[in-house]
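>>> I would like the atomic coordinates for the input below:
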Amino acid sequence: MTFFIIAISLILPIILHLVFVKKIQNKTYRLCMNSINFILSLAFILFFLALGFIKNHLNSYIDLGITQLENNVNEIYPNALEKQMSTEEIKNILEESLTKNDSGGIEAIAENIIKSRVKTFTSVTLKTINTLERDSNKLSVKDALISIKELSLNKISPFIKTANIILFALYFILLLISTCITIHLKNDKDGYNEGIIFGEEADKTFIGMKTE
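Got it, this is the predicted structure:
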């Protein structure tokens, strides 16, 4: 999917060039519009990849955070991972096993997401986890960690999705504006000889003369 989106983003400026931009008579305008379209596509690709990078690394740090939390539980409460208990008991154990991360950056963000999921982990939360089908309101710490990981990933997904939607919308709006400007320049016949003359036309024009 990522490759497809990047490929489309690279093809769009080429399509715009073939359909609209190359029909602009003024060479300077053609160069400017082509440059703008390719810069927009490049910026879109970079931001799109950056969002993917952030999502993947948050996923990785959440995995690391859950693993660290599991190790902490083992140290403080040996054999507690597989023991069946109430969600309130599990919540207390996990809260006591949490370590504080003041380092900042994406690691701290991921860890804070895990902490927020732990603090809100209740029997109501358990009922929303489709992957856990139980007859009683009890589970193991291991099961709880799995569900907390799922909750943590679900917590960040809407933000990444919203950011992607905004990015896509902004990109296509800017491309649409660029296309409208291109069409205007293409239809502006007077724009070919107005202003400063570049290229071959400059060689054919004497100093002080105005082309018609």
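
>>> residues in contact with residue 69?
94, 97-98, 114, 118, 145 (C-beta atoms under 8 Å, 6 or more residues apart in numbering). Backbone N, C-alpha and C define where each C-beta goes, glycine included.

>>> Which stretches in the chain count as strands?
85-86, 138-139 (DSSP state E).

>>> Quick check: mean pLDDT of the last one?
Spelled out, that is strand 138-139. For strand 138-139, the mean pLDDT works out to 74.

>>> Could you please name the strands it pairs with and the direction of each pair?
strand 85-86 (antiparallel) (DSSP bridges).

>>> Output the lowest mean pLDDT helix or strand found in the protein.
Least confident helix or strand of the chain, by mean pLDDT, DSSP states H and E, is helix 200-203 with a mean of 50.

>>> Give me the residue ranges of the protein where confidence is low.
The model of the chain has pLDDT under 70 over residues 99-104, 122-137, 189-212.

>>> Where do the helices of it begin and end?
Assigned helices in the chain, in chain order: 2-19, 27-76, 87-97, 105-119, 123-127, 141-187, 200-203 (criterion: DSSP state H).

>>> so who does residue 20 touch?
With C-beta under 8 Å, 6+ apart, residue 20 has these contacts: 179, 182-183, 186.

>>> residues in contact with the residue positioned nearest the centre of the chain?
Nearest to the geometric centre of the chain sits residue 51, at 2.7 Å (C-alpha atoms, centre = their mean). Counting by C-beta under 8 Å, 6+ apart, residue 51 makes contact with 160, 163-164, 167.

>>> So it versus residue 44, what's the distance?
Residue 51 sits 11 Å away from residue 44, going by C-beta to C-beta, to the nearest Å.

>>> Please enumerate the shared neighbours of these two.
residue 167.

>>> picking that back up, distance to residue 152 added to the contacts of residue 51, as TSV?
Formatted as TSV, the contacts of residue 51 follow (distance: C-beta to C-beta, whole Å):
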residue	distance to residue 152
160	13
163	18
164	19
167	23
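
>>> For PyMOL, what selects the buried ones among those?
Remark: buried members of these, expressed as a PyMOL selection using 16 or more other C-beta atoms under 10 Å:
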select buried, resi 163+164+167
